[in-house]
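**Q** Quick one: sequence plus predicted model below, questions after.
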Amino acid sequence: MSDGRDAFPEGFLWGVSTASYQIEGAVAEDGRGPSIWDTFSHQPGKTTNGDTGDIACDGYHRTDSDLDLLSELGVGGYRFSIAWPRIQPDGHGAPNQAGLDYYRRLVDKLLERGIAPLVTLYHWDLPQPLQDKGGWATRDTADLFADYAATVAGALGDRVPRWITLNEPWVASSMGYRSGEHAPGITDPQQYVAAVHHLLLGHGKATAAIRAVTAAGVLPSGRPPEVGITLNMAQIYPADPSRTADRELAADLDADINGVFLDPLTRGAYPARLGPGQAPGPGLIRDGDFATIQAPIDFLGVNYYAPHIVGVREDGIVRRGDTPMPWRPGGVFTQPEHLPVTAMGWLVDPNALHDLLLRVHDDAGEVPLYITENGAACYDYVNPDGTVDDPERVAYLHGHLQAARQAIADGVPLRGYFAWSLMDNFEWAHGYSKRFGLYFVDYGTQRRIAKGSAGWYAEVAKTNSVPSS
């Protein structure tokens, strides 16, 4: 563009994302049952300051005013998740109509505003009764998830153009069942590998279920709904590319974080680099499982925040900025001095997003990609005049959008971008101590205040472009 802005392809979809437990609150209203995050967050010491999602952003009661924020931004898409415990409090059986009605209203109000809903069926709030029976470590959960997907798609399939089965299954499995940092707080390698396989199996079964219940009808666009999955991914670099040990460590971590879910979806196998206890084996994998997991997807969602730069300290000396890997003697995550970090302590490197998108394109072929989360936590505060300035977030978004635009120029079929997040919210184990939103939330009053990044992003959505510099 000639006005100092760089254009994105016509029809590129701009949006923002949220998740049910992070914003809704109303955890015991209208028939909603408890989730694993309700249970986990109420256990002492599990979250910062003992924070819970009991109230969160009170989004359940503020639907209209929060959707007005989307209109202010001028976005064409809104990615939100459905709380499984609102639909099936016990994780199975007849649906709770009050829960379905809430999401029907949400979808209808989005469509009235000309905003396309992008529905995530699972963003980590597993019904607690299912966890009591083993959760994702049991195979039955995959079948029950498919039943739940069919129920929701049957109610909303004529109005929702895109469905995401799972959000970040690596986090749900690794942090939920291996490290225990997230709900359900289990530290068991065997349950972890079982959860990996059953999450993937649940995705495949849910994909088939959604297509089965929506096959008879099409959307007003004349096209059937699209189905995909969202993976959290990180570009991983060796600290010293000339050192074999660093390169091997980077490849191992890539298999553990990226390949463990991407490879089964694209190649029908778990990465060969994953050793015993790191990947599902014959005891979990049954005939036909990979055919189910490889159900063709219409798009792949990519959540990206930061790269990992890793190395092996053979001298045993941990240097400034190094974070040791408990599971790899001598292995460390490094923080090069030339790269800034966010309030989460995560590296900021837009070039890594460009490299990651090229890598995913190589693995997934011509499957359309969407960046379904990307954003930064900053030390936001309200100025005396009532405004919130967040130039670090603007710089982060600008750099990453330029990287995404370059990836498109390099042939990546990237179709849309969803900023994380619409508003500050419950940031899982970090409670309310980390702020990712384009809108500041005063949790005492639930007042929303547009940050500088909200106005900046609104201009991006309006012009379908980013500043050239």
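**A** Sure, I can see it.
**Q** For this protein, give me the ranges with low pLDDT.
**A** Low-confidence segments of the chain (pLDDT under 70): 1-2, 216-218.
**Q** ends of stretch 222-233, how far apart?
**A** For stretch 222-233, the first-to-last residue distance is 33 Å (C-alpha to C-alpha, to the nearest Å).
**Q** Repeat that for stretch 355-374.
**A** Using C-alpha to C-alpha, the end-to-end distance of stretch 355-374 comes to 15 Å.
**Q** Can you give me the buried ones in it?
**A** Neighbour counts using 16 or more other C-beta atoms under 10 Å place 355-361, 363-364, 367-374 of stretch 355-374 among the buried residues. From N, CA and C alone the C-beta is placed, and that goes for glycine too.
**Q** Inside helices: which ones of those residues?
**A** With DSSP state H as the criterion, helices contain D355, L356, L357, L358, R359, V360, H361, D363, A364 from among the buried residues of stretch 355-374.
**Q** Which single one of those is nearest to N303?
**A** Distance to N303, by C-beta to C-beta, is smallest for L356 among those, at 10.6 Å.
**Q** got the contact list for the residue lying closest to that closest one once chain neighbours are set aside?
**A** Take L356 and drop its neighbours on the chain: the residue closest to it by C-beta to C-beta, 6 or more residues apart in numbering is Q235, 4.2 Å away. Shown in contact with Q235 (C-beta atoms under 8 Å, 6 or more residues apart in numbering): Y304, P307, H308, A352, L353, D355, L356, R359.
**Q** that older thread, can you add distance to Q446 and give the ones in helices among the buried residues of stretch 355-374 back as CSV?
**A** Output for these, formatted as CSV (distance: C-beta to C-beta, whole Å):
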residue, distance to Q446
D355, 40
L356, 36
L357, 36
L358, 42
R359, 41
V360, 38
H361, 41
D363, 42
A364, 40
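**Q** Tell me the one of these nearest E112?
**A** L357 (33.4 Å).
**Q** how much space is there between the closest one and R267?
**A** 19 Å (C-beta to C-beta, to the nearest Å).
**Q** G59 now?
**A** From G59 to R267 the distance is 39 Å (C-beta to C-beta).
**Q** More neighbours: which of the two?
**A** G59 (25 against 13; other C-beta atoms under 10 Å).
**Q** I'd like the distance between the more buried one and G4.
**A** For G59, the distance to G4 (C-beta to C-beta) stands at 37 Å.
**Q** for R448, same thing?
**A** R448 is 30 Å from G4, where distance means C-beta to C-beta.
**Q** Of the two, which one has the most company?
**A** Using other C-beta under 10 Å, the more surrounded residue of R448 and G4 is R448, with 23 against 9.
**Q** That one falls within a strand, correct?
**A** Yes. Assessed by DSSP: H, G, I helix; E, B strand; the rest coil, R448 belongs to a strand.
**Q** Specify the beta-bridge partners of it.
**A** Here R448 shows beta-bridge partners V441, assigned using DSSP bridges.
**Q** Contact partners for it?
**A** Listed by C-beta under 8 Å, 6+ apart, the contact set of R448 reads S65, D66, L69, M423, Y439, F440, V441.
**Q** Look up the closest residue to the second one, ignoring the ones flanking it.
**A** In space, and not counting its chain neighbours, D66 is closest to G59: 5.8 Å by C-beta to C-beta, 6+ apart.
**Q** what does the fifth one give?
**A** With C-beta to C-beta, 6+ apart as the criterion, Y439 has its nearest non-adjacent residue at 4.2 Å, and that residue is M423.
**Q** same thing with the third one?
**A** Using C-beta to C-beta, 6+ apart and skipping residues adjacent in sequence, the residue nearest L69 is Y439, 5.9 Å away.
**Q** and S433, which of the three is it?
**A** S433 is classified as coil under three-state DSSP.
**Q** Give me the spatial nearest neighbour of it, chain neighbours excluded.
**A** Looking at S433 with C-beta to C-beta, 6+ apart, the closest residue is T48, at 4.7 Å.
**Q** correct me, but that neighbour touches E181?
**A** No. Look at T48 against E181 with C-beta atoms under 8 Å: they stay out of range, at 11.9 Å.
**Q** Pull up the overlap in contacts between these two.
**A** A429.
**Q** list the buried ones in stretch 247-262?
**A** Buried residues in stretch 247-262, defined by neighbour count with 16+ other C-beta under 10 Å: 247, 249-262.
**Q** Run a quick neighbour tally on the residue nearest to Y439.
**A** Using other C-beta under 10 Å, M423 has 24 other residues around it.
**Q** Quick one: residues contacting it.
**A** Applying C-beta under 8 Å, 6+ apart, we find M423 in contact with T18, I23, C57, D66, L69, G437, L438, Y439, F440, V441, R448.
**Q** Format these as JSON lines; extra columns: secondary structure.
**A** JSON lines is the format used below for these (three-state DSSP):
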{"residue": "T18", "secondary structure": "coil"}
{"residue": "I23", "secondary structure": "helix"}
{"residue": "C57", "secondary structure": "coil"}
{"residue": "D66", "secondary structure": "helix"}
{"residue": "L69", "secondary structure": "helix"}
{"residue": "G437", "secondary structure": "coil"}
{"residue": "L438", "secondary structure": "coil"}
{"residue": "Y439", "secondary structure": "strand"}
{"residue": "F440", "secondary structure": "strand"}
{"residue": "V441", "secondary structure": "strand"}
{"residue": "R448", "secondary structure": "strand"}
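**Q** from those residues, which is closest to G411?
**A** Scanning the contacts of M423 for proximity to G411, where the rule is C-beta to C-beta, the winner is L438, at 29.9 Å.
**Q** residues contacting the closest one?
**A** Residues counted as contacts of L438 (C-beta under 8 Å, 6+ apart) are V16, L73, A419, S421, L422, M423, A450, K451, S453, A454, Y457.
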